[in-house]
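Enquirer: Here's a sequence, model it:
(chains A and B)
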Amino acid sequence: MADKTSNRRGFLKRSVAASAGAAAALSLEEKILLARTSARPRTPTPRGATMPTGKIGKVQITRLICGGNLISGYAHSRNLIYVSDLMKHYFTDDKIVETFEICETSGINTVITTINPDTLRVLKRHWKNGGKLQWIAQMHTKTAEPLVEPKLAVENGAVGAVIQGAYAERMVRSAKGLDAIKTIVTFLKRKKLIAGVGGHELNSPVTCEAQGVDPDFYFKTINTENFHCATPDKTVAFMKTVTKPWIAYKVLAAGAVNPTKGFKYALGGGADFMCVGMFDFQVKHDVQIVKGILARGVKRARPWRA
Amino acid sequence: MSKGALYTTGAAIAAGLVCACTVFSGCSKDSGGHEQRRQTSRPRTRHPGPHTRRADPATRLALVDLDIGVGPDAVTRATPGNPRGIKPPHLRKAGQRPPFMVPPGLTNLALLKPVTCSDDEPVAGDVDQVTDGLKKSGPFDYVELGPGLGWVQIDLGQVRTIHAVVIWHFYKNATIYNDVIVRVADDAEMSRNARTLFNNDHDNSARLGTGRNTAFYTRWWGEIVDARGKDARGTRGRYVRVYTAGGMEDEPVRFVEIAVYGT
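Expert: Modelled structure (predicted):
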């Protein structure tokens, strides 16, 4: 991902150092940008008051989790084909790190995002800066070689890993795939990571429960818009029978749902956590909404399972 | 270059400098939406103006300007201009209000309190948004009721002493809302000890009585309804109900936030 802001700052720094008079020729915006570049050593990110948490295994996780789709550029832009490009341009490394910091100071303590060089680069930079966000790796696992991504998750500091929805749905359709899922879950548990299985389709958790897969949590979509969740009522009804923790995603249907309504629906439906992709300017707003909903109390379809 | 062109260019440069100074030095108004006094080296006047702190005669505590939290991160700071349609005869002159002086230590009693409304199901949004503490005016930041006169009501949990009710209708569009009426009572049906704090229904179209308060433009700094009472001791009540009958140009009934300051 292009790090345009740093390149531009670096260029400006060098230019002005070369000629004191050059500063007068800069635009107002450039002067401000330059002023921000100078002389401020990185201090560890101060952590704000955390929001309510639950526990999966030994891992304490805030009810609201930072999602990774916007960061990876996968914006569910529907027929607005420019949006994914826009996301990739907006989410420079600096912007991603800034978003992580805002998440942390707002009280979020976990991010779920895929394993790829871009993600690892910014996560490591976040941690190097003193950031403490926990990472749950979202894996694109294959039946043939099930442990490739789990090993990467372990090696790169994840506290947990979850098989991405579409991949899990393919794997549960065959006996070999189910065996591979069991192998992944066993491996992760042995490595002291929490292990999750994803699904847009309800068939994924249904099959895992029926076949004794025994993950630490499920990662299942829920929203009112039929957006990668064709049967939300059935999802709620099924998850009522499940005692494992549930991290919900696609809760806001990629920006189509009012956050207050979306969060209430997910938490009321029985989700213990919500993974939500957020722009930097949305984080505090969404955190406040979730805190408010939890403070008022929400009538749930099933007890808290974490 | 002609004189006219020179003048135009000079004016444009001057406007740009003023604009840049305003943008980069922050809003010229403070977070309460009040004009900031220019700092001068002159000594204070002997006769304090209206902005100076006074003491509440009952408690001897110095009064303070009510802080309703309208910093740049809290609200959508855009002034959308004034609606071009018919303006009501009782419209207040546009502009920001003077400080609202109250005893210190007031809190927002309505924050996260239960809210009910006149509709079984709002057209958009969730009624809890009225007391979630969020005052931005974005596409998902309001609850919308059906057409006609509607209301939202906050239960403070017990009878409290109220000094101000602050209303943010949806303010991203240039709007003047009709028939804004604020009532306080001890019961949810507004039958016990019900009092009207504000009523700008100048023609009694809401059938709740003719009001003499002014109509106002909705803005990011909210509308403060005075509940201090004649003796400045506040108004006692448990339920606060705010009626609205839509905006001047078919704007639906939309509430962003209501805060109730008191003890």
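Enquirer: Spell out which parts of chain A neighbour chain B.
Expert: Residues of chain A lying close to chain B by CB under 8 Å from any CB of the partner chain are A:28, A:32, A:258-261, A:264, A:284-285, A:288-289, A:292-293, A:295-296. Heads up, the C-betas are built off the backbone N, CA and C, glycines and all.
Enquirer: Give me the nearest residue to the most centrally placed residue in chain A, chain neighbours excluded.
Expert: Geometric centre of chain A, nearest residue: A:Gly67, 2.3 Å, by CA atoms, centre = their mean. Nearest non-adjacent residue to A:Gly67, counting by CB to CB, 6 or more residues apart in numbering or on different chains: A:Gly277, 3.5 Å away.
Enquirer: how about the strands of the stretch 51-200 of chain A, start to end?
Expert: Remark: strands assigned in the stretch 51-200 of chain A by DSSP state E, counting those that start in this stretch are A:53-56, A:59-62, A:64-66, A:110-114, A:134-139, A:160-163, A:194-199.
Enquirer: domains of the chain?
Expert: You didn't say which chain, so I picked chain A. A:4-37, A:53-296 (automatic domain parsing).
Enquirer: wait, chain B
Expert: B:1-29, B:53-263.
Enquirer: The longest one near chain A at all?
Expert: This means domain B:53-263. Yes. For domain B:53-263, a contact with chain A is found by CB under 8 Å from any CB, at B:73, B:112, B:114, B:124-126, B:128-129, B:132-134, B:136, B:140.
Enquirer: By pLDDT, give me the weakest of the residues of chain A next to chain B.
Expert: Lowest pLDDT of the residues of chain A next to chain B: A:Ile32, 49.
Enquirer: So what's the residue count around A:Asp118?
Expert: 17 (other CB atoms under 10 Å in any protein chain shown).
Enquirer: Can you tell me how far it is from A:Gly277?
Expert: With distances taken as CB to CB, to the nearest Å, A:Asp118 is found 15 Å from A:Gly277.
Enquirer: With B:Thr116 instead?
Expert: Distance from B:Thr116 to A:Gly277, by CB to CB: 33 Å.
Enquirer: more crowded one of those two?
Expert: A:Gly277 (24 against 15).
Enquirer: got a list of what the more buried one touches?
Expert: If you count contacts by CB atoms under 8 Å, 6 or more residues apart in numbering or on different chains, A:Gly277 has them with A:66-71, A:254.
Enquirer: can you give me the helices for the stretch 51-200 of chain A?
Expert: Remark: helices assigned in the stretch 51-200 of chain A by DSSP state H, counting those that start in this stretch are A:69-72, A:83-90, A:93-106, A:117-128, A:148-155, A:165-171, A:175-190.
Enquirer: from those, which stretch is densest packed?
Expert: helix A:69-72 (a mean of 23; mean count of other CB atoms under 10 Å in any protein chain shown).
Enquirer: Now that one: average pLDDT?
Expert: The model assigns helix A:69-72 a mean pLDDT of 74.
Enquirer: on contacts alone, who are the packing partners of it?
Expert: strand A:110-114, helix A:117-128 (3 or more CB pairs under 8 Å, 6 or more residues apart in numbering or on different chains; DSSP states H and E).
Enquirer: who's in contact with the closest residue to A:Glu209 other than its chain neighbours?
Expert: Closest residue in space to A:Glu209, ignoring its immediate chain neighbours: A:Val242 at 6.3 Å, by CB to CB, 6+ apart. Residues near A:Val242 by CB under 8 Å, 6+ apart: A:205, A:209, A:218, A:302, A:305.
Enquirer: Is B:Pro252 in contact with B:Leu145, as I believe?
Expert: Yes. Assessed by CB atoms under 8 Å, B:Pro252 is found in contact with B:Leu145 at 7.3 Å.
Enquirer: anything in contact with each of the two?
Expert: B:Val123.
Enquirer: Those two - which one has more neighbours?
Expert: Between B:Pro252 and B:Leu145, counted using other CB under 10 Å, the more crowded position is B:Leu145 (24 against 17).
Enquirer: check contacts around the more buried one.
Expert: So B:Leu145 contacts B:117-119, B:122-123, B:152, B:252-255 (CB under 8 Å, 6+ apart).
Enquirer: try B:Ile162
Expert: So B:Ile162 contacts B:109, B:184, B:227, B:234-237, B:240, B:260-262 (CB under 8 Å, 6+ apart).
Enquirer: which of those has the most neighbours?
Expert: Of these, with other CB under 10 Å as the count, B:Val240 tops at 29 neighbours.
Enquirer: I'd like to know how far that one sits from chain A.
Expert: B:Val240 sits 17 Å away from chain A, going by CB to the nearest CB, to the nearest Å.
Enquirer: And A:Pro303, how far from chain B?
Expert: For A:Pro303 relative to chain B (CB to the nearest CB), the value is 22 Å.
Enquirer: shaky segments in the chain?
Expert: As the question left the chain open, I've gone with chain A. A:1-49, A:73-75 (pLDDT under 70).
Enquirer: could you do chain B instead?
Expert: For chain B, the ranges with pLDDT under 70 are B:1-61, B:79-86.
Enquirer: just to revisit the earlier point, among the strands of the stretch 51-200 of chain A, show me which one is buried the most.
Expert: Note that of the strands of the stretch 51-200 of chain A, strand A:160-163 is the most buried (mean count of other CB under 10 Å), with a mean of 28.
Enquirer: neighbouring contacts of it?
Expert: Outside strand A:160-163, the residues touching it (CB under 8 Å, 6+ apart) are A:56-57, A:59, A:112, A:134, A:136-139, A:141, A:149-150, A:153, A:171, A:181, A:184, A:188, A:193-198, A:216-217, A:219, A:247.
Enquirer: Please tell me how far the closest residue to B:Pro104 other than its chain neighbours sits from chain A.
Expert: Take B:Pro104 and drop its neighbours on the chain: the residue closest to it by CB to CB, 6+ apart is B:Val64, 4.9 Å away. Distance from B:Val64 to chain A, counting by CB to the nearest CB: 25 Å.
Enquirer: How about B:Gly150?
Expert: Where chain A is concerned, B:Gly150 sits at a distance of 18 Å (CB to the nearest CB).
Enquirer: So what sits opposite that residue in the bridge?
Expert: B:Thr244 (DSSP bridges).
Enquirer: Enumerate every residue touching it.
Expert: B:117-119, B:243-245, B:253.
Enquirer: cool, B:Ile176 as well?
Expert: Counted by CB under 8 Å, 6+ apart, B:Ile176 has contacts B:83, B:87-88, B:91, B:215-218, B:247-248.
Enquirer: One more: A:Gln288?
Expert: Counting by CB under 8 Å, 6+ apart, A:Gln288 has contacts B:132-134.
Enquirer: hmm, 10 Å instead?
Expert: A:51, A:106-107, A:259, B:132-134 (CB atoms under 10 Å, 6 or more residues apart in numbering or on different chains).
Enquirer: In TSV: those residues, plus distance to B:Val102.
Expert: TSV is the format used below for these (distance: CB to CB, whole Å):
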residue	distance to B:Val102
A:Met51	31
A:Ser106	30
A:Gly107	31
A:Pro259	32
B:Asp132	23
B:Gly133	19
B:Leu134	23
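Enquirer: With chain A as the reference, measure out to the residue most central in space within chain B.
Expert: For chain B, the residue sitting closest to the mean C-alpha position, by CA atoms, centre = their mean, is B:Glu223 at 1.7 Å. Separation of B:Glu223 from chain A (CB to the nearest CB): 22 Å.
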